[in-house]
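Asker: Provide a 3D model corresponding to the input given below.
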Amino acid sequence: MTKILLLEDDISLIDGLEYALRKNDFDVNTVRTVSGALEHLMVSGEYDLLLLDVTLPDGTGFEVCEKMRAGGSQIPIIFLTASDEEVNVIRGLDGGGDDYITKPFKIGELCSRIRALLRRTDYAAQPLTPAGRLSIDPAGSRVMIDGTSVELTRAESRLLGLLIRNADRVVTREVIFGTLWDNMGDFVDDNTLSVYIRRLREKIEPDPSQPRHLVTVRGFGYRWVP
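Answerer: The predicted model follows:
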């Protein structure tokens, strides 16, 4: 049974979430503060996934996510928030989050997103063969370029892995959304994807202004050239 830690301080939401998640065969433990979540994660063993509210009495869910990633944890993380502003979306994803769902949401959608994220996590952990001067460790969000380590966010790592697995083929924006972000264009749109592409190029291209590997195919998507 998938073990989930829920960080949420809204009592009216907690009861319904716990009941619905358990009805969908998830094992749920709930905490209501950032400090409580961090303490729980230290003493209560491994979880399969974290559901983190963004705004808490003593901080934000972003802080929990960032501390987990700084400690090397690759546990899947979904943010629950009342705000879908792009700045919050990008902060959450750049901080190491995997998905983002805006309140109010339907429990069926949340459960689908949980299952999709667990599938994507398994997919992203599959080994990749070296791609020329570049090799990638998708589980550790790390790339080696000519023997030098380059740190990626989880979203950047998943995106690069998808492109490398489809080397010399055009990967459409729709495929990228569907594979990496469950086709949820309401929180990851073309502009956000363009930001990730630009940041990837800055990290892996010899000359980001004239990319040789991560190539734009105008009107369609992107192609990885080994």
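
Asker: Please make it C-alpha for all contacts and neighbour counts, starting now.
Answerer: Fine.

Asker: So which residues of the protein form strands?
Answerer: Using DSSP state E, the strands of the chain run over 2-7, 26-31, 49-53, 55-56, 59-60, 77-81, 99-102, 134-137, 142-145, 148-151, 170-172, 214-217, 221-224.

Asker: can you give me the offset of the fourth one from its chain's centre?
Answerer: In terms of Cα atoms, centre = their mean, to the nearest Å, the centre of strand 55-56 is found 20 Å from the chain centre.

Asker: Could you dump the strands of the chain into a markdown table with distance to Val195, mean neighbour count and mean pLDDT added?
Answerer: Output for those, formatted as a markdown table (distance: least, Cα to Cα, whole Å; neighbours: other Cα atoms under 10 Å; pLDDT from 0 to 100):
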| stretch | distance to Val195 | mean neighbour count | mean pLDDT |
| --- | --- | --- | --- |
| strand 2-7 | 29 | 20 | 94 |
| strand 26-31 | 34 | 18 | 94 |
| strand 49-53 | 24 | 24 | 94 |
| strand 55-56 | 25 | 18 | 91 |
| strand 59-60 | 24 | 14 | 94 |
| strand 77-81 | 20 | 24 | 90 |
| strand 99-102 | 16 | 22 | 85 |
| strand 134-137 | 20 | 19 | 68 |
| strand 142-145 | 19 | 18 | 74 |
| strand 148-151 | 17 | 12 | 80 |
| strand 170-172 | 16 | 17 | 90 |
| strand 214-217 | 13 | 17 | 94 |
| strand 221-224 | 13 | 19 | 92 |
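
Asker: will you turn those strands into TSV that also has distance to Arg198?
Answerer: What follows is the strands of the chain, written out as TSV (distance: least, Cα to Cα, whole Å):
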stretch	distance to Arg198
strand 2-7	33
strand 26-31	37
strand 49-53	28
strand 55-56	29
strand 59-60	28
strand 77-81	24
strand 99-102	20
strand 134-137	18
strand 142-145	16
strand 148-151	15
strand 170-172	16
strand 214-217	10
strand 221-224	12
